[in-house]
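A.B. asks: sequence first, predicted model second:
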Amino acid sequence: MSTLFTLVGVLFLVSLIPLVWFFGKSYRKFRGTRVITCPETGCPEAVEVDARHAAATSVAGETELRLTSCSRWPEREGCGQECLAQIEAAPADCLVRTMLVEWYRGSTCAFCRREIPEIHWSDHKPALLTPESQTIEWAEVRPEDLPRVFATHRRVCWDCHIVQSFRAQFPGLAIDRPVAKRVS
């Protein structure tokens with residue numbers, strides 16, 4: 001009798017594997033900060049979708065999206081969330097991570113002119129050169145400012161960002177050495 005209960009228990013757990021896999025896939029699809037155009041103001045705003053709710057409803061049938069945060073909240077928290085249509089239409093395209101990867105793809109560094117390698121978010125991340133000629137990291141940029149930043153800032157590789165940051169922090173310690181000319 002206990003063997004029968006064990007067998008039924010194992011079969012039940014095995015039958016949950018596709019459900020857990022589908023939940024995880026949907027959760028990954030809807031997590032992360034996104035930049036949308038607010039239907040009310042026409043301005044870029046940063047939003048986050050309730051990824052757990054979206055994944056749970058997708059497992060149960062039709063995916064239902066709702067926001068957990070918006071850069072216009074708490075003042076406009078009671079809005080109709082019409083911006084969700086943009087996320088439903090292209091969930092990956094408005095994801096901040098995707099926007100940054102696309103912006104850097106095939107670009108060159110403003111300082112060394114070398115191509116910026118593909119971004120891996122667990123590794124060193126490229127930076128930005130402001131119009132005031134200072135390098136900054138992405139943590140210093142609000143997601144809703146991305147469209148403006150893309151238009152006004154330049155791309156900088158990680159190595160050049162570190163060099164420029166060192167020069168700004170310790171101006172007396174940085175020495176520029178001219179490139180030696182070859183004598184034939």
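C.D. replies: Nice, thanks for sending it over. Numbering: from 1, shown residues only.

A.B. asks: okay, CA-based contacts and neighbour counts for the rest of this
C.D. replies: Will do.

A.B. asks: in the protein, which helix or strand is least confident?
C.D. replies: Least confident element among the helices and strands of the chain, by mean pLDDT, DSSP states H and E: helix 2-30 (a mean of 76).

A.B. asks: beyond that helix, next helix or strand please.
C.D. replies: Per DSSP states H and E, helix 2-30 leads on to strand 33-37 as the next helix or strand towards the C-terminus.

A.B. asks: outside of the helix or strand just after that following strand, which residues touch it?
C.D. replies: Next in sequence after strand 33-37, counting helices and strands by DSSP H and E, comes strand 44-49. Contacts of strand 44-49 from elsewhere in the structure, counted by C-alpha atoms under 8 Å, 6 or more residues apart in numbering, are 30-38, 65-72, 143-145, 147.

A.B. asks: by how many degrees do the least confident helix or strand of the chain and strand 44-49 diverge?
C.D. replies: 180 degrees (axes from the mean of the first three to the mean of the last three C-alpha atoms, to 10 degrees).

A.B. asks: mind giving me the packing neighbours of helix 2-30?
C.D. replies: In terms of contacts (3 or more C-alpha pairs under 8 Å, 6 or more residues apart in numbering; DSSP states H and E), helix 2-30 is packed against helix 51-60.

A.B. asks: can you mark which positions in the helix it packs on are buried?
C.D. replies: 51-59 (16 or more other C-alpha atoms under 10 Å).

A.B. asks: for those residues, give me a markdown table that also has distance to Ile136 and pLDDT.
C.D. replies: A markdown table is the format used below for the buried residues of helix 51-60 (distance: C-alpha to C-alpha, whole Å; pLDDT from 0 to 100):
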| residue | distance to Ile136 | pLDDT |
| --- | --- | --- |
| Ala51 | 30 | 87 |
| Arg52 | 33 | 90 |
| His53 | 35 | 89 |
| Ala54 | 34 | 86 |
| Ala55 | 35 | 85 |
| Ala56 | 38 | 84 |
| Thr57 | 40 | 86 |
| Ser58 | 39 | 81 |
| Val59 | 41 | 73 |
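
A.B. asks: residue ranges with poor pLDDT in this protein?
C.D. replies: 1, 13, 16, 177-184 (pLDDT under 70).

A.B. asks: tell me the phi and psi of the residue nearest the centre of it?
C.D. replies: What sits nearest the mean C-alpha location of the chain, by C-alpha atoms, centre = their mean, is Arg97, with 2.4 Å. Torsion angles at Arg97 (phi, psi; degrees, to the nearest 10) stand at phi -60, psi -50.
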